[in-house]
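generate coordinates for the sequence data below:
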Amino acid sequence: MKKNIAIIMGGFSSEYEISLKSGNVVYQTLNNEKYAAYRIHIFKNKWVYVNDNDQEFPVDRNDFSITINNSKIKFDCVFNAIHGTPGEDGNMQAYFNLLNIPQTSCGMYQAALTFNKRDCLSVLKPYGIKTAESFYINLGDAIDQKAIVNKVGLPCFVKANKAGSSFGITKVYKTEDLQHAIDVAFKEDDEIIIESFLDGTEVSVGVIKYKGKTTVLPITEIVSNNDFFDYKAKYLGESQEITPARISEDMANKVNKVAKQVYDILKMTGFSRSEYIFKDGEPHLLEVNTVPGLTKASILPQQAAAAGISLAELFENAIEEVLN
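Next up, the predicted model:
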């Protein structure tokens, strides 16, 4: 008998359009002889099942079910394709945990921790994971530009602490441009992280649970056509993503080891994609994504393909990992 799979997509953040694309790729790719897949749009103002004719049916949030033609449908598993809040920050994970419905991403705590860049880096530092110099600001704090520049130097990156897809991020070259960058970041979040610029090769490393084992996928080298790997570089084709990365065997071994270590330290499950920049030959962690993009152009599917894992296998494995 087919398993009912809810593919949740959308979300409350600036990333909802990317999430809808990811979710639709999962929907189109899943083996329909094995799974009955349902597209569930999660937005602030509505949770709905959307059928192939774009008709919408409300989701009963009491038990996460839908009713079609007087027939109630419940789900065996949830495939999480929501980037940003509430799918990547722990909220949906906690909800499904309470309902005892398996879901494909990591646990609630891991999602909340990794979504908070500052907290995640703080947890990993004692394990020897290298990171950029950083400075933290919360909304309402007095801003001491001199102290910021003394700590992180110039150029630096001003980032929203809890946002993905490079929303709310600015590369700052001059002290007088700091305030504008801070204002941009505060539009996305009430917490900011300001980091030193690391001048080196940037790579992205996918780590997944595959057939019960922590598996590091082939490394992707990021070469942005822009000043850094911003939204346009990520999603509008303004970058080169080279898999496998053009780095030495020694560099590859180092970053593979660190990426697996990060996954295991945090007790991750499901998909993850972590970003690193090499400085003085050592990988420095930028961030960890727990619901990475799943469109055909996205990095993790490219890495899986390089490892000989098709999209269908990648998605089916994620479901079977939590059902078994």
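
mind listing the helices for the stretch 51-200 of the chain?
Secondary structure of the stretch 51-200 of the chain by DSSP state H, counting those that start in this stretch: the helices cover 91-99, 108-115, 117-124, 145-152, 178-186.

comparing those helices, which comes out most buried?
When the helices of the stretch 51-200 of the chain are scored by mean count of other C-beta atoms under 10 Å, the highest mean neighbour count falls to helix 108-115 (a mean of 22). All C-beta atoms are positioned from the backbone trio N, CA, C, and that covers glycine.

can you get me a residue count around Ala305?
A count of nearby residues for Ala305, using other C-beta atoms under 10 Å, gives 16.

touching, Gln110 and Thr290? I think so.
Yes. With contact defined as C-beta atoms under 8 Å, Gln110 counts as touching Thr290 (6.7 Å).

which neighbours do these two have in common?
Met268 (C-beta atoms under 8 Å, 6 or more residues apart in numbering).

who does Trp196 bridge with?
That one is not Trp; residue 196 is Ser. Beta-bridge pairing of Ser196 under DSSP bridges involves Cys156.

run a quick neighbour tally on it.
19.

my guess is it contacts Cys156. True?
Yes. Taking C-beta under 8 Å as the definition, Ser196 is a contact partner of Cys156 at 5.8 Å.

low-confidence regions, this structure specifically.
When residues are selected by pLDDT under 70, those of the chain lie in 164-166, 226-238.

quick one, strands of the stretch 201-324 of the chain?
202-210, 213-216, 220-224, 239-242, 271-279, 282-289 (DSSP state E, counting those that start in this stretch).

burial measure for the nearest residue to Ile73 once chain neighbours are set aside, as a count.
Spatial nearest neighbour of Ile73, chain neighbours left out: Ile66 (5.1 Å); criterion: C-beta to C-beta, 6 or more residues apart in numbering. Using other C-beta under 10 Å, Ile66 has 21 neighbouring residues.

what's across from Ile66 in the sheet?
Counting by DSSP bridges, Ile66 forms beta bridges with Val59, Ile73.

in this structure it contacts Phe57, no?
Yes. Between Ile66 and Phe57 there is a contact under C-beta under 8 Å: 5.3 Å.

next, show the common contact partners of the two.
Contacts common to Ile66 and Phe57, judged by C-beta under 8 Å, 6+ apart, are Tyr49.

dump the residue contacts of the residue lying closest to Ile277 once chain neighbours are set aside.
With sequence-adjacent residues excluded and distances taken as C-beta to C-beta, 6+ apart, Ile277 is closest to Leu198, at 4.1 Å. Residues near Leu198 by C-beta under 8 Å, 6+ apart: Ala132, Ile277, Lys279, His284.

what's the neighbour count on the first one?
Neighbourhood size, Ala132 [other C-beta under 10 Å]: 20.

that one contacts Asp199, correct?
No. With contact defined as C-beta under 8 Å, Ala132 does not reach Asp199; the gap is 10.9 Å.

picking up where we left off before, in CSV: the helices of the stretch 51-200 of the chain, plus distance to Glu316.
Below are the helices of the stretch 51-200 of the chain laid out as CSV (distance: least, C-beta to C-beta, whole Å):
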stretch, distance to Glu316
helix 91-99, 19
helix 108-115, 22
helix 117-124, 29
helix 145-152, 44
helix 178-186, 38
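
quick check: the residue nearest the centre of the chain vs Lys260, distance?
The chain has Asn289 as the residue nearest its centroid, 3.0 Å off, counting by C-alpha atoms, centre = their mean. Using C-beta to C-beta, to the nearest Å, one gets 16 Å for the distance from Asn289 to Lys260.
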